[in-house]
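>>> What shape does this take:
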Amino acid sequence: MEEKVIAPENNPKNNQNLFSPKQRYLNKPTKNDGEARLENWFLYWRVSPSMWEAKLSQFEAKQIIYVPINWAFHCIKEENGVHYDFGRHRNDCNLKAIDRLAQKLRLQIIYLIPMTPMPLFSNGGVPDWLMSENAMDETGLVQAVIGFDQKIWKIPSVYHPRVIKYYQHFLSFLGQVFISEGFQSRVYGASWGYYKGDQFVSTLFDESEVFEQAFARFKKINVSNISKQSDAIKQNFRQTMRELFAQIVEDSMGSYWAGSVQFSVLGTEPWQFYYRLACSQMNEDDLWENLFSSLSHNSLPTKLLMEKKYISKTLEKAFDYLVDHNYHKEVLGQTLYDDNSESQYSPLVFVEIMNMPKKDIQFTGLGGYLKEIAPYQYRVSKLSKENLEDETDKLYILKAAHLSDEEFIWALRLFLNGKKVILDVSELSADRRKRFDLFTMENGLKGQYIQNIGPVNYYKFGRGEFVGELVTYEGNTFDNETPKSKKTFWKKILNYLDVNPLKVKTSPKVKWLVYRRYASSFELKYQEIRRVFVFNSSHTKEKVFVANTQHSVFIKYLNPENAEVVSSTSGLSVELKPGGSIILDFGYFSKTRNL
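Sure, this is the predicted structure:
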C-alpha cells in the first residue's frame, strides 16, 4: 500500500517512534557549539527548547543568524503514513517559536532549506528510512564527512524518485506552516559542498548506481533533444537536477523565498576526511585555498564542522577579517538596500572566465597565468543576463562555441556596453561566424590585428570613458606552443587591454587576498581602493614585496601584527614573523594618469 502524508494532528500515534530528550538534545557544551555562535549559526535540534532564548540572546543584534532546517528531525514515518511535526506535539520542532524569539530579541534570522545534502546533519538531513544508497565519488569511494563530535556521516544519494517525492511532500507542508502561522523571517535555499581549486564540488555530486539509474532514465527521455557528448549530457543532467531541487524549494515557500546561497564547508574535502582519519591532522594549505576560493566565488565559507585544534590562529584571524557581517550581507543581496554599501569592501574579482571548459583554461595557459599574477582574483562561472547589469570594471573571457545563441548575443552586448571582452572563436560553426561578421559590419567595427599566437583581432566601440574593447583569438592554435609562449600571449593581451593587477611577490606560505571598494568623494583621483590582506601561515619569517606601478599608489597600512614595513621608490616591502599579518591599502586607477 502506498504511503501517504498525514498531518500530525490527525495521526493517532504521534508520540511513538520519537527520540528521547536525552538523545535529541546536547545540553552540555560541545567542541563545535561555540563555533556555531561565532559563525552565526543556531542549530535548534542540538539545543533544548528551554535554552533557545538564552542561546539566541548571545548573538549580536547586527548578526545574520542562520537556522538550517533539519528535514529528518521533523519527519516521522509510521505504519499508516508519514507526518511532519513543527511544534504541535514536540516543542523542539517549533520553528515558529524561534521566529517569535528573534522578533522579541530584535535579531535577523534566516531559515535555510537544503537544496543539496547538508553536511551539518547525519545522512545529509535525509530521513533514515529513505536512505537507499550512499553517494559515491568518481573513484567509487563512499562520500562522507566527519560531523559534530567526530562522528562519521555518510552523504546519501538523493537521485532515487522516492527521495524527491518525500522532499516535495515535506517542503509543501513546510510552506503551508509558514503561511498559516505568519512567519516574519525569510527563507533561502542552501547548496553545500567545497572548493577544489576554482571548481565548486556540490554534495549533490554522485556516481553511485542510483545516480546512474536516474541518468539512464534522463537519457532515454532527452537524448534525442541533446546533441552533445556523453560527458556533456551528464553535466546537463546534473544541472537539471540542481535546478529541480531549487525550483521545488522556491515553489513551496512562495513569498517567503528570498533566493539561494552557496556554502563551502571547510574540512569536508575527501582528502581531508581520510587525512584526519589516518593521522588526526589536516593540510592547512587546502583550508586556505577553500576559504579564498569561496570568497572569490561569492560563496559563504564555514568552519563549523572543524575542531579548534585544526584551525591555526592565523587562519582564525583571516576568517575574522574576511568573512565579516558586510560580506554575509553582500552574498545575501542585502547591500542593495544599504546606504553605506559603496564604502564597504568586498573580494576583488576582475576577471570572469565564462562558458569555458576546464581543459581549455589549462591548455591555453590562461588558468596558470592568472593564478600566478592574480590568485583568487578571477572566477570560473557561466554567463547570465545579470552580467549585463554588473557595473564593476571587469574583463570577461568566454568561449563562443560553448555559448547558446542567446548567450552569444549577451557576450557581444557586454562589449557594446563598454566592457572588456576576450572571445575564443575557435570551433565556431560557419553560421555563427557569419553572424559575428554581420555584427562587426552593422556596428562599423574594423578589427586591428595583434601579432601573437594565431589570428588575434582587436575591436573598439564607443567614445570617452565608456569604450568597449573586444579581442578575438583562436584557442585551437596553441597546440605546439610552450608554457612560456602561452604566458607571453596572455601577458601581452592583458597589457593591451590595460588590465593591471597589483604586483605582489612572496612565498607560497604567505596567504594574501585583495578586496576592493569604490573611491569616496574625498578620493576622486582614484577609481577604487584596493585592500590587500596578508597573513604569514608559516613558522618562519617571510617577506612580501608589492611593486609600484603606474596604476596604483600606496596609501596606508593597518593592523600590523608581527610585521615591519619599509617603503622605497620601487615598492613596499613587508617582513612578517611567524603568524604575522597586515592590511595594505592602495589607490587604483585603470588608466595611466598624472597625479
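>>> how about the strands of the stretch 1-150 of the chain, start to end?
For the stretch 1-150 of the chain, applying DSSP state E, counting those that start in this stretch gives strands covering 5-6, 64-68, 75-78, 81-84, 108-114, 144-146.
>>> nope, the stretch 351-500 of the chain is what I was after
Here the stretch 351-500 of the chain has its strands, by DSSP E, counting those that start in this stretch, at 351-354, 378-381, 395-399, 420-424, 448-449, 457-463, 466-473.
>>> Could you export these as TSV, including mean pLDDT, distance to residue 515 and mean neighbour count?
All C-beta atoms are positioned from the backbone trio N, CA, C, and that covers glycine. Shown next, in TSV, are these (pLDDT from 0 to 100; distance: least, C-beta to C-beta, whole Å; neighbours: other C-beta atoms under 10 Å):
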stretch	mean pLDDT	distance to residue 515	mean neighbour count
strand 351-354	96	16	22
strand 378-381	92	15	21
strand 395-399	97	18	23
strand 420-424	96	21	24
strand 448-449	87	35	10
strand 457-463	91	29	15
strand 466-473	92	26	19
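>>> Would you format the ones you listed as CSV with distance to residue 318 included?
Converted to CSV, these look like this (distance: least, C-beta to C-beta, whole Å):
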stretch, distance to residue 318
strand 351-354, 23
strand 378-381, 20
strand 395-399, 27
strand 420-424, 31
strand 448-449, 44
strand 457-463, 40
strand 466-473, 35
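>>> what about those, which gets the closest to residue 582?
In terms of C-beta to C-beta, the element of the strands of the stretch 351-500 of the chain nearest to residue 582 is strand 378-381, at 24.0 Å.
>>> That closest one packs against which elements?
strand 351-354 (3 or more C-beta pairs under 8 Å, 6 or more residues apart in numbering; DSSP states H and E).
>>> Tell me the neighbouring strands of the strand it packs on, and mark each as parallel or antiparallel.
Using DSSP bridges, the strands paired with strand 351-354 are strand 378-381 (parallel), strand 395-399 (parallel).
>>> And the contacts of the first one?
Around strand 378-381, the neighbours that count as contacts under C-beta atoms under 8 Å, 6 or more residues apart in numbering are 198-199, 296-298, 349-354, 356, 358, 361, 370.
>>> The last one now?
When contacts are taken as C-beta under 8 Å, 6+ apart, the neighbours of strand 395-399 outside the stretch itself are 350-357, 360, 366, 383, 387, 411, 414, 419-424, 426-427, 475, 494, 497, 499.
>>> again with stretch 458-465
For stretch 458-465, using C-beta under 8 Å, 6+ apart, the contacting residues are 415-416, 418, 440, 443, 445-450, 467-472, 496.
>>> Averaged pLDDT, the biggest helix by length in the chain. What do you get?
Ranked by number of residues, the top helix in the chain under DSSP state H is helix 230-253. Averaged across helix 230-253, pLDDT comes to 90.
>>> Toward the C-terminus from that helix, list the very next helix or strand.
Heading C-terminal from helix 230-253, the first helix or strand you meet, by DSSP states H and E, is strand 257-265.
>>> then the very next helix or strand once past that following strand to PDB, C-alphas only?
Using DSSP H and E, the helix or strand that follows strand 257-265 towards the C-terminus is helix 270-279. Coordinates of each C-alpha in helix 270-279 appear next as PDB, following Å, rounded to 0.1, in the frame of the first residue of the first chain:
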ATOM      1  CA  PRO A 270      37.600  13.900   0.600                       C
ATOM      2  CA  TRP A 271      41.400  14.100   1.000                       C
ATOM      3  CA  GLN A 272      40.900  16.000   4.300                       C
ATOM      4  CA  PHE A 273      38.400  13.300   5.500                       C
ATOM      5  CA  TYR A 274      40.900  10.500   5.000                       C
ATOM      6  CA  TYR A 275      43.800  12.600   6.300                       C
ATOM      7  CA  ARG A 276      42.000  13.200   9.600                       C
ATOM      8  CA  LEU A 277      41.100   9.600   9.900                       C
ATOM      9  CA  ALA A 278      44.700   8.500   9.300                       C
ATOM     10  CA  CYS A 279      46.600  11.000  11.400                       C
END
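>>> Report how many residues lie close to residue 268.
Residues within reach of residue 268, counting by other C-beta atoms under 10 Å, total 25.
>>> Skipping adjacent residues, who's closest to it in space?
Once flanking residues are discounted, residue 268 sits nearest to residue 145: 4.5 Å by C-beta to C-beta, 6 or more residues apart in numbering.
>>> That neighbour and residue 553: what is the separation?
The gap separating residue 145 from residue 553 is 46 Å, by C-beta to C-beta, to the nearest Å.
>>> which one of those two has more residues nearby?
For residue 145 versus residue 553, neighbours defined as other C-beta under 10 Å are more numerous around residue 145 (24 against 15).
>>> Go ahead and confirm that one touches residue 135.
No. Here residue 145 lies out of contact with residue 135, judged by C-beta atoms under 8 Å, at a distance of 11.1 Å.
>>> and for those two, which residues touch both?
By C-beta under 8 Å, 6+ apart, the residues touching both residue 145 and residue 135 are residue 155.
>>> centroid residue for this protein?
Geometric centre of the chain, nearest residue: residue 299, 2.6 Å, by C-alpha atoms, centre = their mean.
>>> related to what we said a few turns ago, what about the strands of the stretch 1-150 of the chain, which gets the closest to residue 519?
Residue 519 lies closest to strand 64-68 among these, at 27.6 Å (C-beta to C-beta).
>>> Tell me the helices and strands packed up against that closest one.
Looks like strand 64-68 contacts helix 95-105, strand 108-114, helix 325-331 (3+ C-beta pairs under 8 Å, 6+ apart).
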